[in-house]
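1. here is a sequence together with a model predicted from it:
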There are 2 protein chains.
Amino acid sequence: MKLPFTSVEYRRRLANTKARMEKAGIDVLFASDPANMNYLTGYDGWSFYVHQMVIVAQDEPEPLWVGRPMDANGARVTTWLDHGNIYEYPDHFVQSTKHHPMDLVADIANERRWARKRIGVEMDAYYFTGACIDRLRKKLPRVRFKDATGLVNWVRIVKSRRELQYITEAARIAEKVMRTGIDHVRPGLRQCDAAAEIWRTGVRGTREFGGDYPSLPPMLPTGAGISAPHLTWTDEKFRKGQGTVLELAGVRLHYHCPMARTVFLGTPPKKMVESAKVVVEGLETALAAMKPGATAHEVEAAWRAVISRHGIVKESRIGYSTGLNYPPDWGEHTISLRPGDRTVLETNMVLHCIPAIAMDDWAIELSECVRVTRRGGIPFCKFPRRLFVKR
Amino acid sequence: MKLPFTSVEYRRRLANTKARMEKAGIDVLFASDPANMNYLTGYDGWSFYVHQMVIVAQDEPEPLWVGRPMDANGARVTTWLDHGNIYEYPDHFVQSTKHHPMDLVADIANERRWARKRIGVEMDAYYFTGACIDRLRKKLPRVRFKDATGLVNWVRIVKSRRELQYITEAARIAEKVMRTGIDHVRPGLRQCDAAAEIWRTGVRGTREFGGDYPSLPPMLPTGAGISAPHLTWTDEKFRKGQGTVLELAGVRLHYHCPMARTVFLGTPPKKMVESAKVVVEGLETALAAMKPGATAHEVEAAWRAVISRHGIVKESRIGYSTGLNYPPDWGEHTISLRPGDRTVLETNMVLHCIPAIAMDDWAIELSECVRVTRRGGIPFCKFPRRLFVKR
C-alpha cells in the first residue's frame, strides 16, 4: 500500500515531535489520539473503538505501535514502521473486566526500562479514558506521568506542501458537497434524503480522487432546531418559511475542508437578510486579518468590531485550526479564534473561520476554510458567500 | 419534538438504573457514554466531541444533564427532563487549558452536598478521559469514586417492545444496504463509489422511515487488505479474483441492525467455498443455541464444535450484544460470545453473531443480528446466507 506521505516527511514529523517533547521535559510519549497516531506513523483504520497507542521515545529511532491483533495487520499495511515495532495485545483483552490493553503498554515500558522516565500522556484526548491512566499508574508506579494533551496537535499546526495539496483536493469535494446540500434543501424533501445525497457526494469525491468519511456527519439544523446546531437529521420534511444551516466538509485521506452556508426556503425575515450581509462583512474582515504575526485574539477582534458596529454581540468562538482528523471532531484542538487566544499565526496554518449570528428562530452561518498567507487568509474553496434564498 | 419513547419507558429505565446503582453501592452516577445519556434522557446530538454528562442521583426524581450552552438547546428539545435540570458550562470551557467542563460537574456535586457520597463514573467509556477523572478527584477530594463502566450498558441489555420495533425497522434498512453493497462490488468500480452508495442507502432508509448514521462506517476490506478488517475504503477499483467482506448496518434512531456478507469476483478458491459452508453451518448452530438460559460461552462452544470438526481454529470472539449506539462502536460492551463469558442469555436480548474464517489472502464473514427467544436466536433480517459469487 502506498503511504500518503514520504518517509522523509514522517521522519520530519517525528523529529519535530521529539523536539517538542524535549522542551516539555518528556522522555517518552504515549499518543492515543487517532489523528496523532496517523500523523506520526501513517496508521489508518476505524479501530479507535478499542484501545491503541503510538509510543515515541527519545532513544528509539522509530515510534512503536500497540493495538489489537487484527488491527496490527492494518498497521503492517498502513505504516512506515518496521514490523518489529508493531505490538499486539491478545484479543481477549478487548472489553475485558480483568485485562486491559494498557497492561501491554506497561509491559513494553518495563522491558525498555522506562520505569523512572518522564512519560507524557494525552490526558484529555478522545479514547484515552480514566481507566487507561489509572491502569498505567498502577502498573508503572515509579513513572512520572506528564500531561501531553495537544503536544502532537501543535506539531501538526503548520501544514506541509503535501498536506495543503490534500486539503485543496478536499476543497474540490467540499464544493460538490455544498452544492448537493443546497440543491436538496427543498420543500417536501425529507431531511434524511438530503443528508443521504450529501454523504454520497462526499464519499464519491471527484473523478480523479475519492472522498473519505468526515469526522462530523452532515449537520443540517433547520426550523426551530436551528439554535441547537448539533442535532442531526430527522425524517421531517423541509418546509417553506424555514432556514437551514448546512455545516459540511469535503475530506481527502482524512484531511478536511469544512464549509458552512445557510439556505432559506421562501422569503426570509428582513433581519436575517441584513444579518447575512453583516456575517459576510465580518468574515471577510477576519480573513483579511489572518496574516502571519497576527494573533487569534486579534482575528476575532476584527470580526467583533464589524458586528458590534451593527449592534450585535456574539459569545462563542468564531473558528479553529483544522486539517487531519478522525471522528468525533475535525477541529485540531489547538488555536481557537476567541478572545484571549494569543497564538501567533504563521504561514500555512489552516483555519476554519465560521462566524454565525443566531436568533431564537433563525441563524446565519457562513464559513471559509483558509490558509494563512502574507495576503491574509486565502480560502481553499470557491463558493458564493451569501444567504441562499429559494423562493 | 416527539421523543422516540414514552416518559413511562424513560422512567422505567431510570428506576432500573437506580436499582443497579443500589446493588453496586453507588449513590450518584456520572454517565458520559452518549448511548447511556440517550437511553436515560433521550438526549441526542453529535456533541460528544465536547465533554457532557448525565447525572443520576438516588435522591433526585430526574437525571441532570450537563453540557455546552449550544447543546443545552438540543437537550431542551430532545430530552424529557425539566429544563431546570439542564446545566450549561460557559462556552470558553471548551478545549481550554485553564478551565474544564468537569469543574461545573464538581460544582453541582458540591451544591447538592454529594461531597461524601459514593459516586460512580464510567472509567473506561469513550469520551470520559483521564483529565475528567483527575479533575473530579481534585475538585471533590472527599468523594469515593467507584468504577461504574458498563452499569447502564447492562441495564440496556434486554430490549423493550419499542426498542425491538426500531431494530426491526433498522433491519429493513440493513437489507437494502447489503443489497446495495453486493450490487456495487464489481470489477472496475472504485471502492469509494461503492461506499458512497452504501452510505446513501442507509441514510435514506425506506419510504416509511429515514435511516440514521451508523456507529461504524461501511467496512469493505478487499483483496490483500481483507485480513485487516478495520481499514476503510480507498480509491482502488475492485478486481476480478478478489474477495470483499461487507460489514454494514441499518440504523433507525440510533438503533443498529448490523450484517456481514462476503462477495467474490470471479471463481473463488475451492477452500473459500468450503469455508463459507462451514461458517453458515457454524452460524446456524450458534443461533440455535441462543436460548434463554444458555450462556454466551456455550453459544461460542457450539460454533467452535462445528468448525473444529472441519479442522479450523479461530481465536477472536464471534459476537456481542448490540442495539442503541453512537460512534465509534455499535457493540454494547456487555456480552461477548467468547470462551469464559458466563452471561446467561435472556429473552429479548439482541446479539450480533459474526463468525469468520480468515486466511492470509481471503476471509469469509457472515453474520446475523438476532433476538434471543425460546426457539433460539431469530434473525431480524431476511437475507440469503451464502458466499456471493459474481463471475
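-> Here it is on my side, so go on.
2. which strands border the lowest-mean-pLDDT helix or strand in chain A, and is each parallel or antiparallel?
-> Every helix and strand of chain A was ranked by mean pLDDT, DSSP states H and E. The lowest is strand A:356-358, at a mean of 87. If you go by DSSP bridges, strand A:356-358 pairs up with strand A:363-365 (antiparallel).
3. residues in contact with the partner strand?
-> Contacts of strand A:363-365 with the rest of the structure, by C-beta atoms under 8 Å, 6 or more residues apart in numbering or on different chains, involve A:221, A:226-227, A:229, A:243, A:245, A:247, A:260-262, A:272, A:275-276, A:279, A:354-358, A:387. All C-beta spots, glycine's among them, are computed from the backbone N, C-alpha and C.
4. near chain B, which residues of the stretch 51-200 of chain A?
-> A:69-71, A:73-74, A:76-78, A:91-92, A:94-95, A:97, A:100, A:121, A:123-134, A:147, A:149-150, A:190-193, A:195-197, A:199-200 (C-beta under 8 Å from any C-beta of the partner chain).
5. which ones among these map onto strands?
-> Among these, DSSP state E puts A:121, A:147 in strands.
6. are any of the residues of the stretch 51-200 of chain A next to chain B buried, and if so which?
-> For these, a burial check counting by 16 or more other C-beta atoms under 10 Å in any protein chain shown picks out A:70-71, A:73-74, A:77-78, A:92, A:94-95, A:100, A:121, A:123-134, A:147, A:149-150, A:190-193, A:195-197, A:199-200.
7. what's near enough to touch whichever residue of the stretch 51-200 of chain A sits closest to chain B?
-> Nearest to chain B in the stretch 51-200 of chain A, going by C-beta to the nearest C-beta, is residue A:192, at a distance of 3.0 Å. For residue A:192, the contacting residues are A:233-235, B:203-205, B:210-212, by C-beta under 8 Å, 6+ apart.
8. which of these sit farthest apart?
-> Across those, the longest distance by C-beta to C-beta is 13.1 Å; it joins A:234 and B:204.
9. sorry, back to before: now the residue of the stretch 51-200 of chain A closest to chain B: closest residue in space that isn't a chain neighbour?
-> residue B:210 (3.0 Å; C-beta to C-beta, 6 or more residues apart in numbering or on different chains).
10. got the contact list for stretch A:233-240?
-> For stretch A:233-240, contacts defined as C-beta under 8 Å, 6+ apart pick out A:185-192, A:194-195, A:218, A:220, A:222-223, A:244, A:265-266, B:203, B:205, B:209-210.
11. ok, now which ones touch the spatially most central residue of chain A?
-> Nearest to the geometric centre of chain A sits residue A:330, at 2.0 Å (C-alpha atoms, centre = their mean). By C-beta under 8 Å, 6+ apart, the residues touching residue A:330 are A:214-216, A:249, A:256, A:258, A:322, A:352.
12. most neighbours among those, which one?
-> Most neighbours among the contacts of residue A:330, by other C-beta atoms under 10 Å in any protein chain shown: residue A:249, with 32 neighbours.
13. what is that residue paired to in the beta sheet?
-> If you apply DSSP bridges, the partners that residue A:249 bridges to are residue A:258.
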